[in-house]
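1. need the 3D shape of this:
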Amino acid sequence: MPRFEDRTAVVTGATKGLGRDTALLMAAEGGRVVGVGRDAADGESLERAARDLPGEVVFLAGDVRDERCHERAVALCRDRFGRLDAYVNNAGILGPEGPLHETGLEAWEEVNAVNMRGTFLGCRAAVRAMRGVGGGAIVNIGSILSISADPFLTSYTATKHGVLGLTRAIAVDYATDGIRCNCVLPGDMETPMIVEYFAASDDPEATRAEMEGAYPIKRIARPEEVARAVLFLASAEASYVTGAELLVDGGLCAKAY
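-> Residues are numbered from 1 along each chain as shown. Below is the predicted model:
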């Protein structure tokens, strides 16, 4: 039996990278998904990719910084599929790289607006929809930088710590409503964000080699590998899992040096 059959979900940041792979994996496992993103052309591509899958993906254009985006996503999921079972807050940005004393307020606020405000708004919309109707699952996408730090990624690190804290608070506050909230902590993945990071370096090949060499598994993740962890936490298989952080990092955080 497909692992997500007849279940419904909203996935933000669904047109690229981990979000796209998560939406398509859910549909491949029989789920019905509202995929939220900002680019209409990418949204059409996502819908085409899901066309022959057992489930369904419908695209919704929106910006996660806008609370109406999340309200519309919940409403569309309910109207189209009858209910909301899971909400995946995946949308995020890396932001500027540099020391704190050189970080501008505008750059700091942009990263916070997407990573923290966007996740908060998604969680709030999901909780409001799930309370009183049997609950559901919220999966937030954190990072290995939710529990560690990386030089000169102050804004990103701070927001990803915040995402984990928000996850734990929701898990504790709404457990009796049947709402589970968990956080997936990926390491580096083959996504447009990391490709742009490599391209911005002086020597992209050397930067990639250095990064991959730090992982015990000696490579960075494919997004679909992380999407499987998201699917698990969003599914009924994780019925007793809440307030947890699930590392999907190729062993990086287990290593001292």
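2. give the contact list for the closest residue to Arg222 other than its chain neighbours.
-> Excluding its sequence neighbours, the residue lying closest to Arg222 (C-beta to C-beta, 6 or more residues apart in numbering) is Glu190, at 5.7 Å. The way it works is simple: take the backbone N, C-alpha and C, and place the C-beta from them, glycine included. Applying C-beta atoms under 8 Å, 6 or more residues apart in numbering to Glu190 gives the contacts Ile220, Ala221, Arg222, Pro223.
3. need phi/psi at Glu190.
-> Per-residue torsions, Glu190: phi -80, psi 80 (degrees, to the nearest 10).
4. buried sites along stretch 73-91?
-> Neighbour counts over stretch 73-91 (16 or more other C-beta atoms under 10 Å) mark 73-77, 81, 84-91 as buried.
5. show me which pair in the residues you listed is furthest apart.
-> Farthest pair in the buried residues of stretch 73-91 (C-beta to C-beta) is Phe81 and Ala91. Separation: 20.6 Å.
6. what's the neighbour count on Pro192?
-> Other residues lying near Pro192 total 11 when counted by other C-beta atoms under 10 Å.
7. my read: it touches Leu18, true?
-> No: Pro192 sits out of contact with Leu18 when judged by C-beta atoms under 8 Å, with a separation of 10.4 Å.
8. returning to what we had before: ok, so what distance separates the residue nearest to Arg222 from Asp21?
-> Between Glu190 and Asp21 the computed distance is 10 Å (C-beta to C-beta, to the nearest Å).
9. list residues touching both of those two?
-> In contact with both Glu190 and Asp21: Pro223, using C-beta under 8 Å, 6+ apart.
10. quickly list the domain ranges of the protein.
-> 8-186+224-242, 189-220 (automatic domain parsing).
11. packing partners of the lengthiest helix in the chain?
-> When the chain is scanned for its longest helix (criterion: DSSP state H), the result is helix 154-173. Judged by 3 or more C-beta pairs under 8 Å, 6 or more residues apart in numbering; DSSP states H and E, the packing partners of helix 154-173 are helix 105-112, helix 118-130, strand 136-141, strand 179-186.
12. can you tell me which of these is nearest to Val64?
-> Nearest of these (C-beta to C-beta): helix 118-130, 3.4 Å.
13. give me the nearest residue to Asp66, chain neighbours excluded.
-> For Asp66, ignoring the flanking residues on the chain, the nearest one in space by C-beta to C-beta, 6+ apart is Leu121 at 7.8 Å.
14. could you measure from that neighbour over to Ala149?
-> 26 Å.
15. and stretch 88-108, how far from the chain's centre?
-> Averaging C-alpha positions (C-alpha atoms, centre = their mean, to the nearest Å) puts stretch 88-108 17 Å from its chain's average.
16. could you count how many residues lie near Met1?
-> Neighbours of Met1 using other C-beta under 10 Å come to 6.
17. got it, and the one 5 residues further on?
-> Other residues lying near Asp6 total 13 when counted by other C-beta under 10 Å.
18. thought it was touching Glu29?
-> No: look at Asp6 against Glu29 with C-beta under 8 Å: they stay out of range, at 10.5 Å.
19. next helix or strand past the least confident helix or strand in the chain by mean pLDDT?
-> Within the chain, confidence by mean pLDDT, DSSP states H and E is lowest for helix 192-199 among all helices and strands, at a mean of 88. Using DSSP states H and E, the next helix or strand after helix 192-199 towards the C-terminus is helix 204-214.
20. Gly142 and Arg32, how far apart?
-> Gly142 is 26 Å from Arg32, by C-beta to C-beta.
21. so those two - more neighbours on which side?
-> Using other C-beta under 10 Å as the criterion, Gly142 and Arg32 rank with Gly142 on top: 28 against 24.
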